[in-house]
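1. Build me a model from this:
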Amino acid sequence: MAFLSPASSKIIKSLGVVFGDIGTSPIYTIGAILLFILPTVDNILGLLSLIVWSLLIVITVQYAWLAMFLGSKGEGGTIVLKGLLASNLKNQHVISLVSMLTIIGVALFIGDGVITTAISILSAVEGIRLIPGFGGIWGGWILFAGICIALVLFVFQKKGTDRVAWAFGPIMLVWFLSLALTGIISIVSAPQVLLALSPSYAVGFIMQNGIGSLIVLSAVLLCVTGGEALYADMGHLGKEPIVKGWYCIFPALVLSYLGQGAYVLNNPEAHSILFSMVQGQAAILYVPFLLLSICATVIASQAMISGMFSIMYQGMMIRIIPKMKIDFTSPELRSQIYIDAVNWMLLAAVLVVMLEFKTSENLASAYGLAVAGTMTISAIMMTMIFALRRDLLKAGISSVLIIVDSIFLFSAFLKIPHGAYWSFIIAAVPLIIIVTYILGQDKLHRMLKPDSLEEFLPVFSEKYAELPKVHGTALFFTADKNHISPYIAQVMFKNEILYEENILVSVRITDYPFGIHTRHDRDLAPGLHAFMITGGYMEIIDIIGLLRKEGIEEKIIFYGMENIVSDKFFWKLYGLLKKITPAFVHFYELPPEKIHGVITRVVM
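-> Okay, here's the model as predicted:
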């Protein structure tokens, strides 16, 4: 893409990074809707109008317009919304409500990602059935092919996607052009589908079908999956390329959906609508199109996996998720990270979902609940922010979006008997982990009762004056220099281990994504310093590098560890989380030969 301008190159890159999920929805959306309605002219025009206006209202208005106003240094997502709200709210109960919405949003995003990956891969692989001679292929082989693709995709994550990411945008560009072209060809055979651009057909469909239209809306919801990615991935490329990218692919998606509607009008018995339509137009190009669709779904899944790595990293930084080992797979892009534990848990969840539902048609009946939940939470938080900023116009529009998203959410609840409860099951796992970790950390901090700096300093000065000192500099990690972790007093006063220079190191993560600041307080007491690091939750903080810049060469690094003992299941689970997650010093990759952990037994 060297021949393109930087702006055009970023737009094309956004097609691969941001729009994969929503861009592959045309593979299965129309087919899922037709499970609930007969392919009459009125029904087809009604469902097409619902799709077009759902894309316009939910994606264009909620995400590509309103959400893009709400960023912090170019970063977006549910956690960013929480940060924007927390910095403006005073009422502790409201702050707690916002925190709970954020936690639920993160859990739903993970649940959404698992089902998205499964349905995207299965829906593309099922196109094999339309290759001449493969029509009677056993469903087990289709499922096996999907599982193999998923295995390769997740195994490949450890290698990093930086080397091949340059090809994602161009592949998705060809995909969207193919959708637009095949859609236009099909529209020519039934141009009356263009009438669906009028919202009157969507309104008429809802009025005519009443409460029954909610069942159709639960399937229409599939066309807006991936909307949250437009906002959550804003930090990767910036607002402008994503917005311009959406305005380029929106017509392509509309043309594809209208074209599929036209094909159904002429072929009411058709299945796998998009693939059948393409085969009918140019059978010789069907296999290349099928391979292109598989590539597109892999790219969509890759984008979702990368997005979940980013969300988990943000969660670790703001201390709602236990810290896990992170590998940075690109020397240039800090957004390219790999979390081993998350990768294999996601793979296990995707495989379970594939084996449980077996086909994309079954999955479509269960898909959408997590999507609608995430959309609704985002709309609620956006409305609160606009209201606090006294931007009444945007607050009014986003409050209307709460109603729209809530209708989609209510319609998705109708899918619970058909398997949508899996969204709850999948989301419940991270939700339980997050809640257990937050409550456990809160109880632990109350039980450990850190010493205040005012109480600590006189004792330190007395001990420092009378005890022999070890040559060199020791680092002691503590959450806050004004609240000294109990293990520090144990090392210095009970074990009488004092170094010539003792430095209290604290790392504070802010509600903003970027920015790193340090402060070195040398005047606490003779032999006692404080080194404070403040960083954004998207920053990769090089603690050792920052210490070296300040001229600090440590001889030893002390940190506190807690051994949780309890006979209560909830606190046992918290204790297990503490054991299996790496310690603070390992998370920040401090030199292992200098680390000395001090274990405190805590009975909860």
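
2. biggest helix in this protein, by residue count?
-> Longest helix in the chain, counting residues (DSSP state H): helix 92-125.

3. Give me the distance from that helix to the chain's centre.
-> Remark: helix 92-125 is offset 7 Å from the chain centroid, using C-alpha atoms, centre = their mean, to the nearest Å.

4. could you give the mean pLDDT of it?
-> Summarised as a single mean, pLDDT over helix 92-125 is 85.

5. Give the buried residues for that helix.
-> Neighbour counts using 16 or more other C-beta atoms under 10 Å place 98-99, 101-125 of helix 92-125 among the buried residues. C-beta coordinates here come from the backbone N, C-alpha and C atoms, glycine included.

6. What segments of the stretch 251-400 of the chain are helices?
-> For the stretch 251-400 of the chain, the helices defined by DSSP state H, counting those that start in this stretch cover 273-281, 286-317, 340-357, 360-366, 369-388, 392-413.

7. Can you say which of those helices is nearest to Ser14?
-> Of all the helices of the stretch 251-400 of the chain, helix 286-317 sits nearest to Ser14, with 10.3 Å by C-beta to C-beta.

8. Hey, what's the angle from the closest one to helix 340-357? Just curious.
-> Orientation of helix 286-317 against helix 340-357 (axes from the mean of the first three to the mean of the last three C-alpha atoms, to 10 degrees) gives an angle of 130 degrees.

9. Of all the helices of the stretch 251-400 of the chain, which one is nearest Val507?
-> Closest among the helices of the stretch 251-400 of the chain, using C-beta to C-beta: helix 286-317, at 9.9 Å.

10. Quickly find the element holding Phe476.
-> Here Phe476 sits within strand 470-477, counting by DSSP states H and E.

11. Who are the packing partners of that strand?
-> On a contact count with 3 or more C-beta pairs under 8 Å, 6 or more residues apart in numbering; DSSP states H and E, strand 470-477 meets strand 499-509, strand 556-565.

12. Run the chain-centre distance for the last one.
-> It stands for strand 556-565. Using C-alpha atoms, centre = their mean, the offset of strand 556-565 from its chain centre is 31 Å.

13. burial of Val216, as a residue count?
-> 23 (other C-beta atoms under 10 Å).

14. Least reliable of the helices and strands packed on strand 470-477 by average pLDDT, please.
-> Across those, strand 556-565 has the smallest mean pLDDT, namely a mean of 83.

15. do you know how far Leu409 is from Leu347?
-> Applying C-beta to C-beta, to the nearest Å, the value for Leu409 to Leu347 is 28 Å.

16. right, and the helices of the stretch 251-400 of the chain - which one's nearest Ile497?
-> Ranking the helices of the stretch 251-400 of the chain by proximity to Ile497 (C-beta to C-beta) places helix 286-317 first, at 30.7 Å.

17. And that closest one, how far out from the chain middle?
-> 11 Å.

18. what about it, average pLDDT?
-> Rounded mean pLDDT across helix 286-317 is 85.

19. With stretch 526-541 instead?
-> Per-residue pLDDT over stretch 526-541 has a mean of 83.

20. how about the strands of this structure, start to end?
-> Assigned by DSSP state E, the strands in the chain fall at 326-328, 337-339, 451-452, 470-477, 483-484, 499-509, 516-525, 528-535, 556-565, 595-603.

21. Nearest to Ile57, out of the ones you listed?
-> That would be strand 337-339 among the strands of the chain, by C-beta to C-beta, at 33.5 Å.

22. Quick check: the gap between Trp65 and Ser398.
-> Distance from Trp65 to Ser398, by C-beta to C-beta: 10 Å.

23. got it, and Leu590?
-> 44 Å.

24. And the two? Which one has more around it.
-> For Leu590 and Ser398, the more surrounded residue by other C-beta under 10 Å is Ser398, and the numbers stand at 26 against 21.

25. Tell me which residues touch the more buried one, please.
-> 62, 66, 379, 382-383, 386 (C-beta atoms under 8 Å, 6 or more residues apart in numbering).
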